[in-house]
Structure formats: structure tokens, C-alpha cells
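Sequence plus predicted model, see below.
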Amino acid sequence: MPPTPSWLEIAVFYEIYPQTFFDSNGDGIGDLAGILQKLEYLQYLGVNAIWLNPCFASPFQDAGYDVSNYYQVAPRYGTNADLEKLFAEAHRLGMHIFLDLVPGHTSVENAWFKESCRPQPNEYSDWYIWTDSVWTWSAPGVQTVIGYAQRNANYITNFFHFQPALNYGFAVLDPKHPWQQPVDAPGPRAVRKELRNIMKFWLDRGADGFRVDMAGSLVKHDADGKATAAVWQEIRRWLDRDYPQAALVSEWSRPTVAIPAGFHMDFMLPFARNGYNSLFRLFDPDDHTNTSFFHPNGGGDIRFFLDEYLVNFRSTREQGLIAIPSGNHDTTPRLGNERTPADLQLAFLFLLTMPGVPFLYYGDEIGMRSADGLESKEGAYDRTGARTPMQWDDSANAGFSTAPAEALYLPVEAKPRHRTVAAQRDDPESLLNHVRKLIELRKEHPALGASGSFKPVHAEKNAYPFVYTRTGGGETVLVALNPAKSPCGVTLPGTLSKKPPQTLYGTENVFQRQGRKWLLKLPGVSGGLYLLS
């Protein structure tokens, strides 16, 4: 497989939920012109890549993940010309932009689906998955919506009932259900061709790649993912030939499957009680206390994350990259909940020094918190509280919009206090400026790049600290982390460094020579980045 696009080596992504980032016209909803106005801030922060959540035409029953027209920007965000202008200005500033691609399903309002609903056979009849009769109410392994169309059939949905699944075929056909089509049937072939058309349309207008929603959901009854992988491998071959600097990151959370399938990157995500959850969002089922590793309670276990991560890292490091996000629009609570700025500094020290490509969720860099008790907005349900407006300053609506408070897409935090850009921008010790410094160091030191090597030095079960090295470009740096409120220490091999490591960031004077070894002592809630000699 060809190498990943060169720009990913020092990429730091920033996820923007368009409707709550910045409202330029006072209608209460964020827009593309608002993002354009805030590119200066993103440049100040140091991020050099943006992931935009869906901005295509949609009835917004699922916040844009129900697309009615893949070729048109949603009017509430602006126009296609506005998006092209955003691409151009971002490129002028040295930034790249990913669009959110939803390949597995559309909205019921999509013109393709409306045609597919007709009883008369037409070009789009087999673009979606339909049963053979309206009386076929169910089938194993799929969700069925009953009696929706004039067509004498029921359709398969991927997620909510208004998101009909596009037809990429079935990997294994069930003879009891002859309506299932193989992956090489005319309908699935036409859908694959249209997927490429959509990608080409936006790449030609300035997009730098795509985050792919539910990337593993395309082919049905595909237990090992091989049939779906074949779809993406075909896409990757095309990109490598025609758009070699375009990149793809998958919402799959199975790097050992997604990366060989053709993705340049795959996310580690909280789809289950897994290693990613154990970093920031693991809670005791009995008393609901936070038992994640990055919490001052000190009850975490880094091995829960590391054992899973190392399998994925070692299996894929020559093929692609792993992305560890601070959070995203589906993740609740936000990273900032229950954490002080000092706690968050350590979380970002980890996120911005690990291999692969870091993704920051908007507002995490200022410690924004999830809001409690909000009603569901556009299909968000319990995720709604993690999607509230960006907090810019102490003016009305935290500077997000000039609209009346009751007209906002979602309410802003009632008392953000120091959790605004304005409050932190001029404070050298703020979380915002610590994140800026870490991003700067990541770019300055080749060892911290996406493809630098990674070696755990100390990572004991149910214990602190976590210590690891990154090596690349002729240098080695050591990262030491103690998120717990209790001090800790560990003896490290003397061969790590000939002389006391140089502090690049964080707590100083933590190394003492002890015979032929180094004693590393960290106060509670502390850590640092150290250059080894």
C-alpha cells in the first residue's frame, strides 16, 4: 500500500460541529462564514487540519447525518461557493479540511430514495435495500421499516428509521430472502460509482479528504468485514492514482481491519467499555465514580488501554495511523467534565505526544463541559449536552451569536467563567496556551510526529506513572504522566539517557541519578516531556 499523504505527519485536527461553532449572521445557528472568520483563532491555536461535521443539504433529523443532497451545502450553513471559499482560505493559511462523508445511508428526503420508493422500476429501484413484499416485516441482522412506500416492499435502515441503507449488497446471501443482492449486482455497482462521484466532486473543489461515518456498515452480513474492505480498497486505489494527497479516516474503531481496508487512519472510539473509554470516561457501575486513568481519583489502569492499543499499533504502523480524539460529537461527557485545568493539561500531554494523528473536539482546548438536562436536538438524545455552542468571550451568548438566547440552536453554558477563548488567550498559564505549546512542540520535534516509534517504558497494571518514549528524526523524547493526586515514583534504566533529561515541557527536576539508574519522581497531577541524550 502506498505511503500516507505527507501532510499527515505533523497534522493536528480540530473537529468543528458547524451549527454550534460561530454564527456570522445572527440566526442562532453556526455557519461556514462563521468558521471562515475564526480561522485566525485556529491558526493561533496551532491546529493545521479541520474536520467539519456534515454540512450537506439535510432535513436535520440526525444533525446532518441524514443527507438529502450530497452535492449541495445546507442553506443554513451557506452555499457551495462559501465552502469553496473556506477551502481556499484554509489552504492559504496552511490548513487542510476534511468533510464528513456518510456513505451508508441517506435521508428519506433524498431524491434517489423518493424514486426508489416508486412502484414502477426505475434507475434508483435497487440503490436501496428493499424486501420482496410489504409483508416481509423482518430479516436477521438488519432493521426493517414497514409500509413506508407505495412500493410493495419494506426498506432496510442503518440507524434511525429515516436513514434508509444504500445498497452495497450482501456478502453472504440467505436463500430464504431472495431479495438480497450480491455485491456485484447492478444496484450495488451503481451506488459504488456514485460514492466516487461524490468524493470527486468535493475533492475537485478543494476538500483534502473525508472522515467516513459508519465506515464498516456498507455491505450487509459481512461478519469479517472483507466485502466492505473491498469497497474501500477500490476507493483507495483510485485516490492513490488521482488524488495522492487526499486522506481518509474511518469511524470503524478496528484499526487492524480498517487500515488494511484502505483507510489512512482509523479512530479509537468509545463504542463499548473499551480501552479508549478507560483513558477518560470509565465509570464504576455501582457508585458511578470516575475510574479512568486520567482522573485524580487514581483508580485507573493504563493497561486497559495499552494492551488493546499495542495490538493495533504494532499490526498497522507500517500501513497507516491511529487517531485518538479528545472527544467528538457522539462522546459524552466532554473531556472537561470533573477535571481541573491541571488535570486537562496532562490529558493533552498524552493526546498530543502519542503516535498517529490527534483530533481535538472544538472547545476541549478551553475545558468546555457537557451541559446536563437538555432536550434532544436533531437526533442527539443523550449526546446533546456535548454539542453546545463554542464559548468565545463573556458577551451575550458567550460570543457565539447575536441572536436572542431563545433562538440559539442550543443554549450556551450559563456561567462559563474562565472557560472562554477570551479569558484564556492572554493568560500564559491557561489550558488554551498549554495546548498551544504542546502542539508547537509536536511540530518542532520529529520524534513526536505521526510515524515516530513508540515504546512503553513503565506501564504497570493499576499503578502510576505511565512513561513512554517516542523516537524519530535522530532524537528520543520521554513522556511521563501522573494524573493521580498522589505522588509517585519509578526507577528507570540508566541507559535511557547519559545525563539528566532536558525538560521540554512540564514539571522540572524530576530525575535523580541512583547508581546506574534514574529515579523519576512525580508530584500528584504532574508530568512532562523530556529530551533524552
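In hand now; what should we look at?

quick one: buried residues of stretch 228-242?
228, 229, 230, 231, 232, 233, 235, 236, 239 (16 or more other CB atoms under 10 Å). Where you see a C-beta, it was placed from the backbone N, CA and C, and this is true even at glycine.

check contacts around the third one.
Read it as residue 230. residue 183 (CB atoms under 8 Å, 6 or more residues apart in numbering).

that older thread, can you flag which of the buried residues of stretch 228-242 belong to strands?
In strands, judged by DSSP state E, none of the buried residues of stretch 228-242 are found.

now, which of those lie within helices?
When DSSP state H is applied, the buried residues of stretch 228-242 are split such that 228, 229, 230, 231, 232, 233, 235, 236, 239 fall in helices.

For the fifth one, which non-adjacent residue is spatially closest?
In this case it means residue 232. residue 262 (4.1 Å; CB to CB, 6 or more residues apart in numbering).

quick one: the helices in the stretch 51-200 of the chain?
All helices of the stretch 51-200 of the chain, identified by DSSP state H, counting those that start in this stretch, fall at 80-92, 111-116, 186-203.

Indicate which one of the ones you listed is closest to residue 403.
Comparing the helices of the stretch 51-200 of the chain against residue 403 with CB to CB, the closest turns out to be helix 80-92 (19.2 Å).

Now do that closest one against helix 186-203, angle only.
60 degrees (axes from the mean of the first three to the mean of the last three CA atoms, to 10 degrees).

Show me what counts as buried in stretch 197-210.
So for stretch 197-210, counting by 16+ other CB under 10 Å, buried means 198, 199, 202, 203, 206, 207, 208, 209, 210.

can you list the domain ranges for this structure.
Domain ranges of the chain: 6-103+188-271+302-444, 105-165, 453-531, per automatic domain parsing.

how much space between the nearest residue to residue 130 once chain neighbours are set aside and residue 80?
Leaving out its chain neighbours, the residue that sits closest to residue 130 by CB to CB, 6+ apart is residue 153, at 4.0 Å. Using CB to CB, to the nearest Å, we find residue 153 at a distance of 34 Å from residue 80.

More neighbours: which of these two?
residue 153 (23 against 14; other CB atoms under 10 Å).

My understanding was that the more buried one contacts residue 139; is that so?
No: Residue 153 sits out of contact with residue 139 when judged by CB atoms under 8 Å, with a separation of 11.9 Å.

Dump the buried residues of stretch 197-210 into JSON lines; add pLDDT as well.
What follows is the buried residues of stretch 197-210, written out as JSON lines (pLDDT from 0 to 100):
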{"residue": "198", "pLDDT": "98"}
{"residue": "199", "pLDDT": "98"}
{"residue": "202", "pLDDT": "99"}
{"residue": "203", "pLDDT": "98"}
{"residue": "206", "pLDDT": "98"}
{"residue": "207", "pLDDT": "98"}
{"residue": "208", "pLDDT": "98"}
{"residue": "209", "pLDDT": "98"}
{"residue": "210", "pLDDT": "98"}
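
Give me the pLDDT for residue 1.
You'll see residue 1 listed with a pLDDT of 61.

list residues touching both of residue 153 and residue 139?
With CB under 8 Å, 6+ apart, residue 153 and residue 139 have common neighbours residue 131.

residues contacting residue 28?
Applying CB under 8 Å, 6+ apart, we find residue 28 in contact with 401, 403, 404, 407, 408, 409.

residue contacts, the third one?
So the one you mean is residue 404. residue 28.

at 10 Å what do you get?
26, 28, 396, 397 (CB atoms under 10 Å, 6 or more residues apart in numbering).

okay but residue 107 is in contact with residue 166, surely?
No: assessed by CB atoms under 10 Å, residue 107 is found out of contact with residue 166, at 11.5 Å.

Name the nearest residue to residue 407, ignoring sequence neighbours.
Per CB to CB, 6+ apart, closest to residue 407 is residue 28, 4.0 Å.

Likewise for residue 87?
residue 206 (2.9 Å).

Just the strands from the stretch 251-400 of the chain, written as ranges.
265-267, 321-323, 359-361 (DSSP state E, counting those that start in this stretch).

Quick check: which of these is nearest to residue 468?
Here strand 321-323 is closest among the strands of the stretch 251-400 of the chain (CB to CB), at 14.5 Å.

What pairs with the closest one, parallel or antiparallel?
As defined by DSSP bridges, the strand partners of strand 321-323 come to strand 265-267 (parallel).

contact partners of the partner strand?
Counting by CB under 10 Å, 6+ apart, 4, 8, 11, 13, 209, 211-212, 215-216, 247-259, 276, 312, 316, 320-325, 328, 356-357, 359, 450 sit against strand 265-267.

cutoff 7 Å now
249-255, 258-259, 320-323, 325, 356-357 (CB atoms under 7 Å, 6 or more residues apart in numbering).

Ok, stretch 203-214 next?
In contact with stretch 203-214 (CB under 7 Å, 6+ apart) are residues 51, 65, 84, 87-88, 91, 96-104, 158, 199, 243, 246-251.

who wins for neighbours among the contacts of residue 28?
residue 401 leads the contacts of residue 28 on contacts (other CB under 10 Å) with 27 neighbours.

now it, nearest residue through space, not along the chain?
Closest residue in space to residue 401, ignoring its immediate chain neighbours: residue 23 at 3.6 Å, by CB to CB, 6+ apart.

residues touching that neighbour, list them.
29, 30, 31, 34, 400, 401, 403.

from memory residue 7 sits against residue 97, does it?
No: counting by CB atoms under 7 Å, residue 7 sits too far from residue 97 to count as a contact (11.8 Å).

More neighbours: those two, which one.
Regarding residue 7 and residue 97, a neighbour count based on other CB under 10 Å identifies residue 97 as having more, with 22 against 17.

that older thread, dump the contacts of residue 23 to TSV, plus pLDDT, secondary structure and distance to residue 417.
Listed next are these as TSV, based on pLDDT from 0 to 100; DSSP: H, G, I helix; E, B strand; the rest coil; distance: CB to CB, whole Å:
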residue	pLDDT	secondary structure	distance to residue 417
29	98	coil	25
30	98	coil	22
31	98	coil	27
34	98	helix	23
400	98	coil	16
401	98	coil	20
403	98	coil	23
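
Distance to residue 459 for those - can I get that in TSV?
Formatted as TSV, these follow (distance: CB to CB, whole Å):
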residue	distance to residue 459
29	45
30	40
31	45
34	42
400	41
401	45
403	49
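
Kindly indicate which of those residues lies nearest residue 515.
residue 400 (57.4 Å).

how many other residues sit next to the closest one?
Residues within reach of residue 400, counting by other CB under 10 Å, total 26.

excluding its backbone neighbours, what's nearest it?
Per CB to CB, 6+ apart, closest to residue 400 is residue 389, 3.8 Å.

pLDDT score for the one you found?
98.

mind checking how far it is from residue 161?
From residue 389 to residue 161 the distance is 29 Å (CB to CB).

what does residue 514 give?
Distance, residue 514 to residue 161, using CB to CB: 64 Å.

ok, now residue 312?
Separation of residue 312 from residue 161 (CB to CB) stands at 34 Å.

Just put the ones in helices among the buried residues of stretch 228-242 in TSV and tack on pLDDT.
Listed next are those as TSV, based on pLDDT from 0 to 100:
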residue	pLDDT
228	98
229	97
230	98
231	98
232	98
233	98
235	98
236	97
239	98
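
between the residues you listed, which is closest to residue 285?
residue 228 (33.0 Å).

how close does residue 469 get to residue 527?
Distance from residue 469 to residue 527, by CB to CB: 14 Å.

neighbour-wise, which of the two wins?
When residue 469 is set against residue 527 and neighbours are counted by other CB under 10 Å, the residue ahead is residue 527, at 25 against 18.

give the contact list for the more buried one.
Per CB under 7 Å, 6+ apart, neighbours of residue 527: 346, 349, 480, 481, 482, 506, 507.

Repeat that for residue 225.
Counting by CB under 7 Å, 6+ apart, residue 225 has contacts 216, 257, 261.
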